[in-house]
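Task: produce atomic coordinates for the following.
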Amino acid sequence: MTTTMKYVLSHLTAIMPKSVVDHVVAVLTNAEEEEDVNFDIRSFQEVGINIPRFEWIDNPFCLVQKLLIRDPSLLEQTRERMTKKIRKSFKAMESVGWLAVPSQKFLELNAKREEIEFHLANNLELLVENERLVGDLLHHAQQIRDGGRAEPLTRQAQHWRLKKEMFGWSKYVCHHPGCHCNCATSNVVSPFASLWCFFNEEQLCETCNHQYSGHRVSRDGWQCGSRWGRLSTRQRSA
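Model prediction:
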């Protein structure tokens, strides 16, 4: 398994419901018989997928294309042989026994993802605000030491929080440090919009000019608030 394939499959398994990952079927093309397969099926375990069921087919695309253009140079026997190969390939695909996964499974997984990202993002914002508060306190304490007077400092603190289900449809929401932009509305459902971010992670968002690798697809949006607070530092008596 190539590095690129591992990278793609690891991201796919991260956004797919367990009911999908547990029923993966590998279709190995360009192999008419099992002995022709040049792929170690056990390598799926490297990306968290149990050894899946697999089928092998000789990719019929070229054969179908030749038959559709009605190449006059093809002999009737050749046409019959190509038709048999195509039927064999489709029969192999039919025998796989695809398991339908209810769309509700995708919705449940997406809801869990949004819930985790909601709490994580808001906790990170609290951390940043606390670090800013400590910096203000240290600066205020230094001013008191330099001036010799302890005067309370009133400050207005701005804070950002993700608001639950702010939008009726998913948006590309920027989570780049310092950016709280609710960017464009996604044109497809959330799982596929997340895949779009993955495949275009280095592309810049036209709204906030940050890479899509720092965006999340969610109905939760950034909302700004502010509050007044008083900082005071008591001097210790000598």
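
How about the residue most central in space within the chain, nearest residue that isn't a chain neighbour?
Centroid-nearest residue in the chain: residue 194, 4.2 Å away (criterion: CA atoms, centre = their mean). Spatial nearest neighbour of residue 194, excluding adjacent residues (CB to CB, 6 or more residues apart in numbering): residue 217 at 4.9 Å. Glycine gets a C-beta too; all of them are placed from N, C-alpha and C.

Just the CA atoms of the helix or strand harbouring that neighbour, as CSV, please.
Assigned by DSSP states H and E, residue 217 falls within strand 215-218. Coordinates of each C-alpha in strand 215-218 appear next as CSV, following Å, rounded to 0.1, in the frame of the first residue of the first chain:
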residue,chain,number,x,y,z
HIS,A,215,-11.8,24.9,8.5
ARG,A,216,-14.6,22.7,10.0
VAL,A,217,-17.9,21.9,8.4
SER,A,218,-20.6,22.6,10.9
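
Partner strands of it, with direction?
strand 171-174 (antiparallel) (DSSP bridges).

how about the partner strand as PDB, C-alpha atoms only?
Provided in PDB are the C-alpha atoms of strand 171-174 (Å, rounded to 0.1, in the frame of the first residue of the first chain):
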ATOM      1  CA  LYS A 171     -21.000  26.200   6.700                       C
ATOM      2  CA  TYR A 172     -17.200  26.200   6.300                       C
ATOM      3  CA  VAL A 173     -16.300  27.600   9.700                       C
ATOM      4  CA  CYS A 174     -12.700  28.800  10.200                       C
END
